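Engineer: Got a predicted structure plus its sequence, pasted below:
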Amino acid sequence: MSHSSPRRIVAVVLSQLLCELAEERSRLLTAQRSASGSRASSTQDPKDVRAVSRDHDASIAPLAVVLTEEPTVLSESSESASDTTLPSRNQPPMPPEAQSLDAVQSLDAVQSLNAQQGEQARQAPPIAPEASISAVNASARHYGVRVGQTVTEARAWVTHLNVQILSRTQVEAALQRIADSLLRFAPTVSIGFPDTVWLDVTGAAGLFDGERGLLQELTSCISGLGHFSRIAISRGPVLARAFAQWSAIGRSQLGIIVEDEATHQRAERLPIAALPISPEARAWLAQLGLLNFSDLARLPRDQVAPRLGLQAKLILDLVAGFDDQPLQAYTPSETPNERTDWDEPTTNVQPLLFAARGLTSRIGTRLEGRGLAARSLRLCIRYDPAIARFRNLPKQLLLECPLASPLFRPDDLWKVVAGKLERTQLQAPCTGIEIEARSLTVANHRQLDLLTSTSKLDATNPERLQVLFSELATEVGNGRFGTLRTCNSHLPEKLSLLQPVTSNASARAQPARAKTSRAKSSKRRSQQQFTLESASLRYEQTSGLARQHPPASAATSDSKPTKSPNRLLSKPIPLTSSLQPNALLTFAGQLYSVKNVTFLYRLDCIEWWSGENISRDYARVSLEGQAGHLEVLVYKNRITNQRYFQAIYD
């Protein structure tokens with residue numbers, strides 16, 4: 001007889017999410033203004049500076065949040081306002097003496113006008129006095145500000161109340177970020193606007209040493225994201241959220257665990273406000289003296305159901321401790337990206353680094369939750385549209401960060417992004433930054449080993465080497481960084497190949513039979529390989545590379561094999577002079593005379609299998625000049641009769 005596990009749902013209620021998002025935006029604005037330094041303090045009145053510092057101190061200032069459906073960043077209005085800062089094309093040309101003065105002052109004028117009118121455009125839709133407050137922090141609550149009050153009513157209590165506007169899109173993006181981070185705990189994650197994330201952990205508690213261990217892991221993960229949460233585990237999503245929001249949780253408690261058999265008893269203590277009904281219905285039930293679930297459960301079901309409307313069955317089931325509501329699974333995006341914007345354009349890199357630190361932390365946490373790693377990152381820095389148009393620049397600067405090996409940890413991603421931004425020169429003031437993780441693959445976690453060191457300070461740590469390789473690849477370019485691999489080829493330029501650096505974990509994951517196959521193939525190639533001396537054809541008299549072959553009997557036993565050149569030129573240099581003895585030629589800006597020409601070998605009709613037909617004669621040429629003696633490798637293309645310098649002997 002099969003026995004199925006009872007349904008267990010985790011509700012993570014982020015009761016302070018709206019205030020946390022608003023405070024984060026205030027901290028970004030404070031960092032931006034502090035980066036401007038003395039310029040801001042010299043242009044602002046001291047009273048205004050004190051007011052700004054007081055209003056943006058998130059830990060002290062009373063804060064209220066108004067939730068809207070429209071985005072808070074009005075890019076279109078900002079651009080339209082910025083367009084008015086530029087002179088019209090129909091204006092008559094200025095005289096030359098005025099143009100020289102305007103060339104000096106035009107940029108400052110455009111920047112100041114754009115800042116003033118852009119600020120007016122961003123403040124064009126002011127906060128409506130009748131707008132309802134959706135969230136308040138502890139300081140505002142201490143002064144008497146409550147959720148549901150209008151802005152006018154709240155400011156009657158607190159005149160210096162800091163009111164921030166958040167859009168529904170920003171809150172949903174924050175919930176999606178948290179849901180991505182929690183995918184490691186459960187196969188099904190659901191989002192409930194504006195402050196709830198659910199996880200279906202049925203049968204998964206054993207992976208975390210019970211539900212108590214699961215609560216500890218969840219609390220640690222959410223705290224690492226910088227959010228305060230209330231967590232409860234119950235048999236259904238609605239009851240789990242009600243327990244998390246309305247139950248008393250002590251400071252030493254991680255959350256609420258409601259056993260399946262105790263659900264009905266614990267549900268009777270919940271208030272009527274925990275029911276998913278309209279405020280009018282709650283007020284009507286309160287007028288009847290029904291304050292909690294137990295009061296409503298004592299009433300006859302057949303008499304109460306008609307008065308509760310379409311939600312009667314759901315409400316009565318919840319009152320009885322039964323919850324079978326389904327979860328709508330959250331589907332993560334293919335490529336996670338994080339974005340932040342600010343109101344005042346900045347030309348300093350420090351605000352970018354401050355914002356990018358938080359963005360990389362979010363992306364890394366989302367990748368860890370999904371078990372993925374990124375092979376590359378894309379940074380998008382948005383310029384101020386008016387200044388960018390004035391300087392004939394694109395609206396945004398795209399920076400590609402190829403990674404030598406897949407990375408997913410926030411600290412590793414931050415090192416790569418910080419190195420890229422520190423070397424970036426901003427050509428115009430910027431108003432935002434966006435980071436996108438691309439080319440996702442499965443993250444390879446290193447298995448812990450008691451016999452090997454796992455310290456990040458260990459130079460042989462593979463994880464540290466992966467980060468170092470990614471930083472180098474980002475700095476010099478992914479195509480210019482890698483490891484050299486020898487190849488079987490007759491051409492000197494194809495004897496070695498620069499291949500990208502791969503992680504050790506992926507190399508160890510290759511099956512053993514692939515290694516055996518490569519060993520057999522290498523042995524077979526070594527048996528079939530022949531030396532260039534035995535395969536080269538006997539030299540014929542050719543102009544420019546004339547030499548007499550000694551007879552076969554002249555070969556002695558102490559003859560040494562031909563030495564390969566040490567330095568290969570990145571691109572062969574055409575040679576126009578002849579290679580006759582005492583002939584003059586220039587190489588690397590120096591004048592040399594030819595002393596000796598030694599024929600090496602001939603390549604006849606090779607690389608035909610790759611679509612090329614190469615025929616060359618190679619020779620070693622000794623040169624003498626004021627710079628000293630020089631040995632070079634020269635080849636002649638037998639099809640075009642053109643000679644080239646290709647390598648240098650040291």
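Structural biologist: Cool, the structure landed. Quick caveat, the model's predicted, so the values are computed rather than measured.

Engineer: For the biggest strand by length in the chain, buried residues please.
Structural biologist: The strand that spans the most residues within the chain, counting by DSSP state E, is strand 590-606. The neighbour-count check on strand 590-606 (16 or more other C-beta atoms under 10 Å) flags 592, 594, 597, 599-603 as buried. Every residue, glycine included, has its C-beta placed from N, CA and C.

Engineer: which residues are in contact with the very next helix or strand once past it?
Structural biologist: Counting by DSSP states H and E, the element after strand 590-606 in chain order, helix or strand, is strand 614-625. For strand 614-625, the external contacting residues (C-beta atoms under 8 Å, 6 or more residues apart in numbering) are 491, 539, 542, 545, 579, 585, 587, 590-607, 629-639, 649.

Engineer: Run me through the strand neighbours of the next helix-or-strand element following strand 614-625, direction for each.
Structural biologist: For strand 614-625, the succeeding helix or strand toward the C-terminus, using DSSP H and E, is strand 628-637. In the sheet containing strand 628-637, its partner strands are strand 614-625 (antiparallel), strand 642-649 (antiparallel), by DSSP bridges.

Engineer: Can you add distance to L426 and mean pLDDT and give these back as JSON lines?
Structural biologist: Converted to JSON lines, the strands paired with strand 628-637 look like this (distance: least, C-beta to C-beta, whole Å; pLDDT from 0 to 100):
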{"stretch": "strand 614-625", "distance to L426": "48", "mean pLDDT": "91"}
{"stretch": "strand 642-649", "distance to L426": "42", "mean pLDDT": "90"}
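
Engineer: pLDDT score for the closest residue in space to I231 that isn't next to it in sequence?
Structural biologist: Distances taken as C-beta to C-beta, 6 or more residues apart in numbering place G255 nearest to I231, at 3.6 Å, with adjacent residues excluded. With respect to pLDDT, G255 has a value of 88.

Engineer: tally of neighbours for G255?
Structural biologist: When counting by other C-beta atoms under 10 Å, one arrives at 24 neighbours for G255.

Engineer: Okay, it and Q245: tell me how far apart.
Structural biologist: As judged by C-beta to C-beta, to the nearest Å, G255 and Q245 stand 12 Å apart.

Engineer: who touches both of the two?
Structural biologist: Common neighbours of G255 and Q245 (C-beta under 8 Å, 6+ apart) are R230.

Engineer: Sticking with S294, tell me its helix or strand.
Structural biologist: Assigned by DSSP H and E, S294 belongs to helix 293-297.

Engineer: Report pLDDT for Q548.
Structural biologist: pLDDT recorded at Q548 is 37.

Engineer: Let me fix that, I meant to ask about P126.
Structural biologist: You'll see P126 listed with a pLDDT of 71.

Engineer: What of E422?
Structural biologist: At E422, the pLDDT value in this model is 89.

Engineer: Kindly reformat the buried residues of strand 590-606 as a markdown table and extend each row with pLDDT and distance to E436.
Structural biologist: Output for these, formatted as a markdown table (pLDDT from 0 to 100; distance: C-beta to C-beta, whole Å):
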| residue | pLDDT | distance to E436 |
| --- | --- | --- |
| Y592 | 90 | 53 |
| V594 | 91 | 57 |
| V597 | 91 | 57 |
| F599 | 91 | 57 |
| L600 | 91 | 52 |
| Y601 | 88 | 52 |
| R602 | 90 | 53 |
| L603 | 89 | 47 |
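
Engineer: which one of these is nearest L403?
Structural biologist: Nearest to L403 among the buried residues of strand 590-606: L603, at 38.8 Å, using C-beta to C-beta.

Engineer: My guess is the closest one contacts H490. True?
Structural biologist: Yes. Shown here, L603 and H490 form a contact pair, counting by C-beta atoms under 8 Å, at 5.4 Å.

Engineer: Tell me the bridge partners for L568.
Structural biologist: Taking DSSP bridges as the rule, L568 bridges to A647.

Engineer: which residues does it contact?
Structural biologist: Neighbouring residues of L568 by C-beta under 8 Å, 6+ apart: 492-493, 646-647.

Engineer: Now a ChimeraX select for only the buried ones of the residues you listed.
Structural biologist: Of the contacts of L568, the buried ones go into a single ChimeraX selection, burial set by 16+ other C-beta under 10 Å:
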select :492,646,647
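
Engineer: Once you drop chain neighbours, what's closest to N337?
Structural biologist: Spatial nearest neighbour of N337, excluding adjacent residues (C-beta to C-beta, 6+ apart): E436 at 3.9 Å.

Engineer: so which strand or helix has the one you found?
Structural biologist: Counting by DSSP H and E, E436 is found in strand 430-442.

Engineer: Identify the neighbouring strands of that strand in the sheet and state each direction.
Structural biologist: Paired with strand 430-442 in the same sheet, following DSSP bridges, are strand 337-346 (antiparallel), strand 372-383 (antiparallel).

Engineer: mean pLDDT for these: which is lowest?
Structural biologist: Ranked by mean pLDDT, the strands paired with strand 430-442 end with strand 337-346 in last place, scoring a mean of 86.

Engineer: Which elements pack onto the helix or strand just after it?
Structural biologist: Going down the chain from strand 337-346, the next helix or strand is helix 349-370, by DSSP H and E. With contacts taken as 3 or more C-beta pairs under 8 Å, 6 or more residues apart in numbering; DSSP states H and E, helix 349-370 sits against helix 17-36, helix 168-181, strand 337-346, strand 372-383, helix 410-422, strand 430-442.

Engineer: And what about P6, helix, strand or coil?
Structural biologist: Under DSSP: H, G, I helix; E, B strand; the rest coil, the three-state class of P6 is coil.

Engineer: contacting residues for it?
Structural biologist: P6 makes contact with 202, 235, 260, according to C-beta under 8 Å, 6+ apart.

Engineer: and what of Q626?
Structural biologist: Contact analysis of Q626 by C-beta under 8 Å, 6+ apart lists 590-591.

Engineer: Check which helix or strand T202 maps to.
Structural biologist: T202 belongs to no helix or strand, assigned by DSSP H and E.

Engineer: Pop out the phi and psi values for it.
Structural biologist: Dihedral pair for T202: phi -60, psi 120, per degrees, to the nearest 10.

Engineer: My understanding was that it contacts R7; is that so?
Structural biologist: Yes. Between T202 and R7 there is a contact at 5.3 Å, judged by C-beta under 8 Å.

Engineer: what residues are shared contacts of these two?
Structural biologist: Counting by C-beta under 8 Å, 6+ apart, no residue touches both T202 and R7.

Engineer: thinking again about what came up before, can I get the contacts of P6 in a markdown table with distance to N137 and pLDDT?
Structural biologist: Below are those laid out as a markdown table (distance: C-beta to C-beta, whole Å; pLDDT from 0 to 100):
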| residue | distance to N137 | pLDDT |
| --- | --- | --- |
| T202 | 36 | 91 |
| R235 | 33 | 91 |
| D260 | 37 | 87 |
